[in-house]
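> coordinates only, no sequence provided:
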């Protein structure tokens with residue numbers, strides 16, 4: 001096509017823009033030819049310098065895919081047992097199993113505190129009615145812990161906004177905590193304590209297994225945590241009537257006890273009825 005075109009414009013183009021394109025061999029370019037750009041089209045081609053800012057921009061497009069599943073999984077697990085999540089992540093980071101664990105969770109004082117509180121929860125979580133009181137106290141603690149762990153993970157990776165990660169971890173922890181607290185209230189309607197023990201052991205093993213699995217396969221662990229969260233919410237819907245019945249009966253027993261105490265006090269200390 002270039003040989004068929006003739007005329008003055010074409011001759012002027014050739015006279016004004018003489019250039020020579022140089023090529024690089026595979027040994028000079030390497031497996032990433034896009035990292036090289038031509039600064040001077042006339043004589044030679046020079047490799048472009050990748051600045052730290054450029055590398056950071058490239059990492060931002062890849063890292064959120066790997067850190068958000070871990071934030072979601074840790075948030076779900078924190079809503080069930082926040083102390084176990086902090087303890088496991090800190091131990092994994094201190095042992096060098098994963099580089100995604102921030103140094104804050106690996107501090108000895110954090111590990112000792114989380115271990116002591118985990119033992120306290122392991123005991124309280126297996127006693128009927130005590131577990132419900134423990135859950136009511138941790139209605140604020142578990143979502144805050146999930147948001148804190150998520151923000152630490154995002155800050156350590158430097159790829160996701162800390163606020164966004166905190167919202168993901170905290171909201172997921174609140175949802176899983178709601179499932180746990182409602183399920184425990186329904187289980188406490190049974191007079192035997194074995195169901196509480198079995199459910200508590202299943203929760204502890206589930207949190208430990210999924211958090212460990214998330215260290216090696218964060219995406220698959222997030223899928224499992226999401227399925228468990230949705231399943232728990234569905235089960236909680238079917239348990240609403242039972243939970244309401246339990247709360248209604250407990251309120252009636254409190255009212256009967258209050259009336260009994262008032263009547264006994266009135267008959268013993270009041271004037272005789274004629």
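Received it, and whenever you're ready, just let me know what you need. The model shown is predicted, which means the values in this text are computed figures rather than measured ones.
> leaving out the residues flanking it, which one is nearest to residue 222?
Ranked by Cβ to Cβ, 6 or more residues apart in numbering and with sequence neighbours excluded, the top spatial neighbour of residue 222 is residue 69, at 3.5 Å. The C-beta positions use only the backbone N, C-alpha and C, and glycine is treated the same way.
> I'd say the one you found and residue 216 touch.
No - the criterion here is Cβ atoms under 8 Å, and residue 69 misses it with residue 216 at 11.9 Å.
> which element is the spatially closest residue to residue 165 that is not a sequence neighbour on?
Excluding its sequence neighbours, the residue lying closest to residue 165 (Cβ to Cβ, 6+ apart) is residue 154, at 3.4 Å. Here residue 154 sits within helix 130-157, counting by DSSP states H and E.
> pull the distance from that helix to the chain's centre.
10 Å (Cα atoms, centre = their mean, to the nearest Å).
> thinking again about what came up before, more neighbours: residue 69 and residue 216, which one.
Between residue 69 and residue 216, residue 69 has the larger neighbour count (other Cβ atoms under 10 Å), namely 20 against 10.
> the closest residue to residue 124 other than its chain neighbours: neighbour count?
Leaving aside its sequence neighbours, residue 124 sits nearest to residue 134 (Cβ to Cβ, 6+ apart; 4.5 Å). Neighbours of residue 134 under the rule other Cβ under 10 Å: 18.
> all helices of the stretch 151-274 of the chain, in order?
Read by DSSP state H, counting those that start in this stretch, the stretch 151-274 of the chain holds these helices, from start to end of the chain: 162-187, 194-216, 218-238, 240-269.
> quick one, which of those is packed in tightest?
Per residue and on average, the most neighbours among these fall to helix 162-187, with a mean of 21 (mean count of other Cβ atoms under 10 Å).
> ok so, going back, surely the residue nearest to residue 124 touches residue 121?
Yes - using Cβ under 8 Å, residue 134 is in contact with residue 121, at 6.8 Å.
> for stretch 88-104, buried residues please.
88-93, 100-102 (16 or more other Cβ atoms under 10 Å).
> least confident of these?
On pLDDT alone, residue 100 ranks lowest of the buried residues of stretch 88-104, at 84.
> before we move on, which element is it in?
Using DSSP H and E, residue 100 is not contained in any helix or strand.
> torsion angles phi and psi at it?
Per-residue torsions, residue 100: phi -80, psi -10 (degrees, to the nearest 10).
> pLDDT below threshold where in the stretch 1-150 of the chain?
1-66 (pLDDT under 70).
> quick one: the helices in it, in order.
Using DSSP H, counting those that start in this stretch, helices in the stretch 1-150 of the chain cover 8-16, 26-29, 52-60, 64-94, 108-124, 130-157.
> who wins for proximity to residue 250 among those helices?
helix 130-157 (10.3 Å; Cβ to Cβ).
> quick one: buried residues of the closest one?
131-132, 134-135, 138, 141-157.
> so who does the residue nearest to residue 124 touch?
By Cβ atoms under 8 Å, 6 or more residues apart in numbering, the contact set of residue 134 is 121, 124-125.
> which of those residues has the most neighbours?
Within the contacts of residue 134, most neighbours by other Cβ under 10 Å means residue 125, with 22 neighbours.
> give me phi/psi at that residue?
phi -80, psi -10.
> likewise for residue 159?
According to degrees, to the nearest 10, residue 159 has phi -120, psi -30.
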